Structure formats: structure tokens, C-alpha cells
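S.K.: after the sequence you'll find the predicted model.
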There are 2 protein chains.
Amino acid sequence: MENNNYREIFIKNNIKTTKQREIVFDILMNSNVPLSAKEIFIKLVKKGNNMSLSTIYRILDVFVSKGLVVKSNISKNNKAVYEVKGMEHKHHLVCDCCGKILVLDNCPLEGYERSLEEKTMFDITSHKLEFFGICPECKIKIEGNV
Amino acid sequence: MENNNYREIFIKNNIKTTKQREIVFDILMNSNVPLSAKEIFIKLVKKGNNMSLSTIYRILDVFVSKGLVVKSNISKNNKAVYEVKGMEHKHHLVCDCCGKILVLDNCPLEGYERSLEEKTMFDITSHKLEFFGICPECKIKIEGNV
DNA sequence: TTCTATGCAAAAATTTTGCAATCGT
DNA sequence: ACGATTGCAAAATTTTTGCATAGAA
């Protein structure tokens, strides 16, 4: 899992291949939940790597500007979180109570987006959709305390 | 437009009515786009009021915890933005290029949410949906430069 | 009066920036 | 070799917190 062909992706996007970019991209590729800059930092340190936090921010900015990564904000502490922009795009269901994130596979908005383009004259490039609720485990906890 | 019955709303939610809370709530009620803490601050100063920024943060936290206000993040600079949680809920279409925000009136997710509850066993409490794209004005600008 | 909310100033946390050194092509 | 990228440290922003004072019920 450590080797990779991210080089090809980087070349295709006109950015230089550096060890740091490979590390960050690899972490994002292997995470199924969006990560903040600091979380990425912690993960790479745990793997035995090291990197300046400002480098991580700069790398993420580059990835976002190239459309490789999506920046959003679903964390409770308003930190920006990042995830690779897969072809099949994913949405999330976040527990209000414990913060757990469930990844959803399908998107209910295909048709709607098109009608919105017609109505607004925007060229729609993307959307963010997140659901919030109480997960089954927390429901039990809450009921237990009643 | 300055007078209001926010007192009733506050009483109903078990929070004390203070001048500061009325000012902040009024600004949120009269804005059709989500505002950051600092934007709220600037607006109230322009109206001749004054308030500590930390008070604004604390007031917003209270409003969010009572479900009166929704905190999200669609600004480019990852600042948290806040808007009143209306009965009719609104989504937004944000221009990638100039940051302009268009308010959308209807929500395409009514039915989907219910099926998601069944599938995941979550009690879904809310969702956030934002669209991004290029607005007509920016399209012209961009084409002009080609 | 009692408890909560506010202001202020200081701290914490996140993100950005300048500059010299290093690395990729 | 050249230009882009990184690290470091410092700055800029955003958000949180402690404590004394003021305000609501």
C-alpha cells in the first residue's frame, strides 16, 4: 500500500512530484473520512515521517486548486477538512452526539443539479451534502440516561 | 424592523433576553446569507451598536445549542458562518470565482432523508447542502479573458 | 438576590507568509 | 542550473477562556 503511482497523477496535473506530496496524497487516498491538516500531520508522524505543518497546508492548497482534493468543513471545531475528489463522489452522515462519520455511497442529486443550472444560469461544478443525526449507539446511550 | 418579539422566542428556549442577544438575532433574521461572527460584529457596529466579539461567539454558541441557528462553513476562508434555522430551510449556490451566494428556496432531499434513516438507523436531524459553480457574470469575465 | 451574561484582555488554535535552503526536472 | 517546493519561525486570524462587573428574572 505504500508504493504508488501518484507521480502520474501529479504529472498530469502539472505539479512536481515531491516526497511530501506523495505522503500527503497517500494519506488522503487511504482515508475514508475527510482529514484536517493536523490530522494528516499526526498520521504521517505516526508512520515515521515528518513534515512542516505549513507545508501540509500549502500542499493541500495546491491539490485543491488542481481539483484533486475537496476542502470542506464538517468537523465540530470548524477546522477545514480535506478529502480526495473521487470520481464517484461521497457524502457523509455525521453523528451530532459522538461525531462519528458514516460514508454514504450514492448521491441523490444527479438530476436536480441539471435543473438548477438551467434555472440559475450557473455552471455548477460541485456540491457538498452532509447529513446529521444521532447514531444508533448514541440513541441507546441517551435512552439509558432517561 | 428594529422592534421585535424575539423575547418570546428566547423565553420559549429557556434563555435570558439580553440586548446583545436581540441584536445578534435580529441581524441573523434580517440576513439572507449566512454570516460569520466578525461580519455580525461589523454589521452591528454600523448600526451604532457595540459588543465584544467574544460575546458574539458565546451568543452564537447558545443559539446553536438551542437549535435556533445553524453553524456551517461555506466561506472561502474557513470561517464559521451562522444563519437562523428557518422552518423552510434554505440551501445555497456559491460562486467559485467571486464568492457570491445565491439562496435556493426548495430542497430536493425530502424523500431521500427518510430512506436514509431506514438504511442507517440514524435519527437524522438535519442536513447541509451547498452547490458550487461559476455565476453568469464570472463566466463572461472568464470568456472575456480567453 | 441569585444566577447568568457580558466585557476585557489574554491565551489557544488554526492558517498564512517571508525568506533562506533544498529538491525536482 | 533554474524555478518550484520546503522548513522554520514569525505573523495574522479565528475562536476560546478566566475573571471581575453588570444585568435579567
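M.R.: Perfect, I can see it now. Numbering: from 1, shown residues only, chains lettered A, B, ... in the order given.
S.K.: got phi/psi on the residue nearest the centre of chain A?
M.R.: By CA atoms, centre = their mean, the mean C-alpha position of chain A lies nearest to A:Glu83, the distance being 2.1 Å. Phi and psi for A:Glu83, reported as degrees, to the nearest 10, are phi -150, psi 150.
S.K.: over to A:Asp61?
M.R.: Per degrees, to the nearest 10, the backbone of A:Asp61 is at phi -60, psi -40.
S.K.: C-alpha coordinates for the helix or strand harbouring A:Val103, PDB please?
M.R.: Using DSSP states H and E, A:Val103 falls within strand A:101-104. Extracted in PDB, the C-alpha atoms of strand A:101-104 (Å, rounded to 0.1, in the frame of the first residue of the first chain):
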ATOM      1  CA  ILE A 101     -18.800   9.800  10.300                       C
ATOM      2  CA  LEU A 102     -20.600   7.300   8.100                       C
ATOM      3  CA  VAL A 103     -19.700   7.400   4.400                       C
ATOM      4  CA  LEU A 104     -22.600   7.300   2.000                       C
END
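S.K.: quick one: average pLDDT of it?
M.R.: Computed over strand A:101-104, the mean pLDDT rounds to 84.
S.K.: what is that strand packed up against?
M.R.: strand A:91-95 (3 or more CB pairs under 8 Å, 6 or more residues apart in numbering or on different chains; DSSP states H and E). Where C-beta positions appear, they are placed from N, C-alpha and C, glycine not excepted.
S.K.: and the strand it packs on, which strands flank it?
M.R.: strand A:101-104 (antiparallel), strand A:123-134 (parallel) (DSSP bridges).
S.K.: please enumerate residues in contact with that strand?
M.R.: A:33-34, A:74, A:100-104, A:107, A:129-135, A:138, B:116, B:120, B:122, B:124 (CB atoms under 8 Å, 6 or more residues apart in numbering or on different chains).
S.K.: how many neighbours does A:Ser54 have?
M.R.: Neighbours of A:Ser54 under the rule other CB atoms under 10 Å in any protein chain shown: 9.
S.K.: per-residue confidence for A:Asn78?
M.R.: So A:Asn78 comes in at 69 (pLDDT).
S.K.: thought the residue nearest to the centre of chain A was touching A:Asn30?
M.R.: No. Applying CB atoms under 8 Å, one finds A:Glu83 not in contact with A:Asn30, separated by 11.3 Å.
S.K.: in chain A, where is pLDDT below threshold?
M.R.: A:1-4, A:73-78, A:87-88, A:142-146 (pLDDT under 70).
S.K.: ranges for the helices of it?
M.R.: A:6-12, A:19-29, A:37-46, A:53-65, A:110-120, A:136-145 (DSSP state H).
S.K.: and chain A, what are its domains?
M.R.: A:1-86, A:88-146 (automatic domain parsing).
S.K.: ok, back up a step: is it possible to export the strands paired with strand A:91-95 to JSON lines including mean neighbour count?
M.R.: Listed next are those as JSON lines, based on neighbours: other CB atoms under 10 Å in any protein chain shown:
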{"stretch": "strand A:101-104", "mean neighbour count": "16"}
{"stretch": "strand A:123-134", "mean neighbour count": "19"}
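S.K.: nearest to B:Lys46, out of those strands?
M.R.: strand A:123-134 (30.8 Å; CB to CB).
S.K.: dump the residue contacts of A:Ile40.
M.R.: A:Ile40 touches A:Val24, A:Ile27, A:Leu28, A:Ile56, A:Leu60, A:Tyr82, counting by CB under 8 Å, 6+ apart.
S.K.: thinking again about what came up before, find the nearest non-adjacent residue to the residue nearest to the centre of chain A, please.
M.R.: A:Pro34 (4.0 Å; CB to CB, 6 or more residues apart in numbering or on different chains).
S.K.: in this structure the one you found contacts A:Val69, no?
M.R.: No. Taking contacts as CB under 8 Å, A:Pro34 lies outside contact range of A:Val69: 9.5 Å.
S.K.: so between these two, which is more surrounded?
M.R.: A:Pro34 (24 against 20).
S.K.: so how far is A:Lys71 from the more buried one?
M.R.: For A:Pro34, the distance to A:Lys71 equals 9 Å [CB to CB, to the nearest Å].
S.K.: overlap in contacts, those two.
M.R.: A:Val81, A:Tyr82.
S.K.: hmm, back to that, ok, and the most crowded of the contacts of A:Ile40?
M.R.: Going by other CB under 10 Å, A:Val24 tops those with 29 neighbours.
S.K.: and it, how far is that from A:Ile56?
M.R.: 6 Å.
S.K.: with A:Asn106 instead?
M.R.: 31 Å.
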